[in-house]
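Student: What would the 3D arrangement of this be:
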Amino acid sequence: MNSSNLKPMAVPESAMQLETVTVETGPAPVFSIIWMHGLGADGHDFEPLVPELLDAGMPALRFVFPHAPVRPVTINNGYKMRAWYDIIGIDRRSAEDFDGVQASADAIGALIRAENARGISTNRIALAGFSQGGAMALHIATRLDVKLAGVIALSCYLPLARQFATERGSANLATPFFMAHGMQDPVVPFALGDESRRILDGTGYKVEWHQYPMPHALCAEEVVDLRAFLKKISSAQT
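Tutor: Below you'll find the model as predicted:
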């Protein structure tokens, strides 16, 4: 598929839907990926990656990149930035922003319903995210009561782990999860990502785990693995 066919579009913000950047890889997309950025970034962050994720045989895809709301972030001295929820600390001892996580989950749920309204059923939608966005993808997918096509969670962790046992659902137990983490990550510790993977594995989720010799970033090998995963899940549903 030629990257010249990509069509960036801006979707205005409303009370029910986050502002988004949308890229379609062909006419009449039949598969959607809602991709959440990391702390302090915005919906444009992973837009340039789209051409590198395309491969022959893929159906027409719609990438939806939402902008998180701007809020004060405790771990960054209260500085206001785009964030899916407040972060007090990156460890299991710190308090977590339950209300912020839930509000963002509701907003992403509205984006899923918007894709449904455009003719894409939830089993042809993948949730993806990097860092804090990946944490949101894991949180939503494990609590959603409808099956997704797949989950991509990069350099991240499972938030609200203390509530996971009582709040998790079963709709996405058979859904393929792609989790990846850098072994030299100074932002989200590798051990936290690996622990999150083990929690999901231990409760029956189908996790495809990848680790790379990199910091808090993406690497070329990871992009190759992502492309193969995306081709697999998008082709399986069409």
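Student: Please enumerate the helices of the protein.
Tutor: Assigned by DSSP state H, the chain shows helices spanning 98-117, 132-143, 161-167, 190-202, 220-236.
Student: residue furthest from the geometric center of the chain?
Tutor: Distance from the C-alpha centroid of the chain peaks at Asn77, with 25.6 Å (C-alpha atoms, centre = their mean).
Student: re the thing from before, please produce JSON lines containing the helices of the chain, extended by mean pLDDT, distance to Ala126 and mean neighbour count.
Tutor: Using the backbone N, CA and C atoms, a C-beta is placed for each residue, glycine as well. Output for those, formatted as JSON lines (pLDDT from 0 to 100; distance: least, C-beta to C-beta, whole Å; neighbours: other C-beta atoms under 10 Å):
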{"stretch": "helix 98-117", "mean pLDDT": "94", "distance to Ala126": "11", "mean neighbour count": "16"}
{"stretch": "helix 132-143", "mean pLDDT": "97", "distance to Ala126": "9", "mean neighbour count": "27"}
{"stretch": "helix 161-167", "mean pLDDT": "89", "distance to Ala126": "21", "mean neighbour count": "12"}
{"stretch": "helix 190-202", "mean pLDDT": "96", "distance to Ala126": "16", "mean neighbour count": "18"}
{"stretch": "helix 220-236", "mean pLDDT": "96", "distance to Ala126": "6", "mean neighbour count": "17"}
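Student: how about those helices, which one is nearest Tyr85?
Tutor: helix 98-117 (3.1 Å; C-beta to C-beta).
Student: Show me what that closest one is packed up against.
Tutor: strand 31-36, strand 61-66, strand 125-130, helix 132-143 (3 or more C-beta pairs under 8 Å, 6 or more residues apart in numbering; DSSP states H and E).
Student: Mind listing residues that contact the last one?
Tutor: This points to helix 132-143. Residues outside helix 132-143 that contact it (C-beta atoms under 8 Å, 6 or more residues apart in numbering) are 35-39, 68, 83-85, 87, 101, 104-105, 108-109, 127-129, 148, 151-160, 164, 167-169, 172, 175, 177, 196, 200, 205.
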